[in-house]
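**Student:** Need the 3D shape of this:
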Amino acid sequence: MEFCKGFNARTQDVEKGQPCPVVITYYQDKSFTFEIKTPPASFLIKKAAKMSTAKKPGSGSKKAGVDVVGKITMAQCKDIAKTKAKDLNAADLDQAAKMIAGTARSMGVEVVE
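**Tutor:** So this is what the prediction gives:
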């Protein structure tokens, strides 16, 4: 019950339907802490490409590289990289944007300049 109250309090500003990955650390004295991570990159890419986000977060094209299901710009990749900066393993924003662009391509979303 305590987790639910804390989670609801910290996620009241989050858009409805947006996935919120959570890392819960449970201690022997029955206390806990939790950290709310940023939404998955696939969800943010689908949102930027104006695709339906009702499906599972990782879905895209069945044949990535052959079928294109949407388009996003490199500027949108940078915006997504800024959002996910603390969860990505990248040295700078340009590298993080390239990681997001790679995820988009693997989903069948074309990245244009």
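
**Student:** V111 in helix, strand or coil?
**Tutor:** strand (DSSP: H, G, I helix; E, B strand; the rest coil).

**Student:** Let's verify the closest residue to D94 other than its chain neighbours: helix, strand, or coil?
**Tutor:** Ranked by CB to CB, 6 or more residues apart in numbering and with sequence neighbours excluded, the top spatial neighbour of D94 is K78, at 7.9 Å. Using the backbone N, CA and C atoms, a C-beta is placed for each residue, glycine as well. When classified by three-state DSSP, K78 comes out as helix.

**Student:** In contact with K78, which residues are there?
**Tutor:** L93, D94, A97 (CB atoms under 8 Å, 6 or more residues apart in numbering).

**Student:** secondary structure element for the last one?
**Tutor:** Using DSSP states H and E, A97 sits in helix 93-107.

**Student:** ok, the residue nearest the centre of the chain to I80 distance?
**Tutor:** For the chain, the residue nearest the mean C-alpha position is P40 (2.2 Å; CA atoms, centre = their mean). Taking CB to CB, to the nearest Å as the measure, P40 falls 11 Å from I80.
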